[in-house]
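Student: Got a sequence here, can you build the structure:
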Amino acid sequence: MPSYEERRIEITSAVRDTDPIPKVPRAGDVEERNGTRVQIMHNGVVVEEGCYWGDWTTEIVRRLRGHHEPQEEAVFHVLVERLREDTPAPVMLELGSFWAYYSLWLKRAIPATRCLMLEPDPNNLAIGQRNFSLNGVTGEFIHAPVTREHGAPVRMATESDGVVRRFRGLSVDGLIADKGLERIDLLLSDVQGAELDALLGATRAMQERRIRFFVISTHHHSISRDPLTHQKCLRVLEEAGAHVIAEHSVPESCSGDGLIAASLDPRDADLHVDITVVRARDSLFGELEWDLAAAQNWRHQARRHAGTARRKLRARVERLRARRAQQHGLHVDPEYEWRSTPSETQVRIGAANPCPPPPRGEARE
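Tutor: Residues are numbered from 1 along each chain as shown. Sure thing, here's the model as predicted:
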């Protein structure tokens, strides 16, 4: 059986949605530049070799000639081309920027792009900064997580090293105010399960139509802790009046994440991108029925263990009652059963033979 990484390489590189996108010579190749080994992306952007999850991503980029997420990149290419037609100086906000590749892509296509990148992991943030430096461009890097409420305190373990850090979270609405932004032309989010909070933190901006394009990565319930994350994000955008350009769920992905691309701008009402939809059984996380079966089995096991625990507790309490009754010279029928309301005889016995309180940690009568 192939390893996780081998399987991921095969699943992703089997989808060829990005093949029609123009590519520079030697796209996907690795070479050394000024002492740093870099990989050439499809558009000529260079990134540190292995900077995004290591060797398996490098191999995907090599096989796809400069691409790593064929479904999402096919959509992103169309959005970039639309912005090139009508927006000479766009503003892009990348939430969970990591290696900052998508920001670099738009910056390469439209040099006047203002790039703001939000990333809570300091090591991942540094990778994005180095990639910007490799390409001779600048951007605004912000060390913080995105949250629904602006300024909310956050305590989280960062992805690269597991170190628990404290942050002041930033909302999209708050960032727009803090940075004095009139608009965001492209908001891209890959925030490892916090995508619904990110959208809800942009409520005012959506109401005021200050965000044009959304590209949202949605995550498996093992990451987001909610099996309906994708559906809830889609509903938030649709209720805000967004036009969905392309969309696939987590089980339909060749790269592990779901995708929602949408626009709030009437100019984009004609925009639609056809992308491959992967069969759930062939996707990274597989069919949801396996998760459902596991959950049902867990519930059955939990009920069985709870029943065993109740029986053990009842037996312990009955032994305790018998021992105390013997201490007070009472006879206890072994067939005695608990009653929710004591009988008159029990009340009289209890009044005549008061029992001391049980020791700490033992069950009370």
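
Student: what pairs with the closest residue in space to residue 194 that isn't next to it in sequence across the strands?
Tutor: On the basis of Cβ to Cβ, 6 or more residues apart in numbering, the spatially nearest residue to residue 194 that is not a chain neighbour turns out to be residue 146, at 6.2 Å. (Glycine included, C-beta is placed from N, CA and C.) Taking DSSP bridges as the rule, residue 146 bridges to residue 170.

Student: Quick one: residues contacting residue 146.
Tutor: Remark: with contacts taken as Cβ atoms under 8 Å, 6 or more residues apart in numbering, residue 146 is in contact with 95-96, 118, 169-172, 189, 191, 194, 197-198, 201.

Student: Determine how far the last residue of stretch 12-22 lies from the first.
Tutor: One end of stretch 12-22 to the other measures 19 Å (Cα to Cα, to the nearest Å).

Student: Pull out the buried residues from that stretch.
Tutor: For stretch 12-22, the neighbour count (16 or more other Cβ atoms under 10 Å) marks 12, 13, 15, 17, 18, 21 as buried.

Student: re the thing from before, any chance of the contacts of residue 146 in a markdown table, with neighbour count too?
Tutor: What follows is the contacts of residue 146, written out as a markdown table (neighbours: other Cβ atoms under 10 Å):
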| residue | neighbour count |
| --- | --- |
| 95 | 26 |
| 96 | 22 |
| 118 | 24 |
| 169 | 22 |
| 170 | 23 |
| 171 | 24 |
| 172 | 29 |
| 189 | 24 |
| 191 | 22 |
| 194 | 25 |
| 197 | 18 |
| 198 | 24 |
| 201 | 24 |
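
Student: among the residues you listed, which are in helices?
Tutor: Judged by DSSP state H, helices contain the following of those: 172, 197, 198.

Student: quick one, what contacts the residue nearest to the first one when sequence neighbours are not counted?
Tutor: What it means is residue 172. Counting by Cβ to Cβ, 6+ apart, the nearest residue to residue 172 once its immediate chain neighbours are dropped is residue 202, at 3.6 Å. Residues counted as contacts of residue 202 (Cβ under 8 Å, 6+ apart) are 171, 172, 173, 187, 211.

Student: Quick check: the third one touching residue 206?
Tutor: If I follow you right, that is residue 173. No: with contacts counted by Cβ atoms under 8 Å, residue 173 stays clear of residue 206, the gap being 9.2 Å.

Student: secondary structure element for residue 37?
Tutor: strand 36-40 (DSSP states H and E).

Student: Go through the buried residues of stretch 12-22 and name the one nearest residue 67.
Tutor: Nearest to residue 67, judged by Cβ to Cβ, of the buried residues of stretch 12-22 is residue 18 at 4.2 Å.
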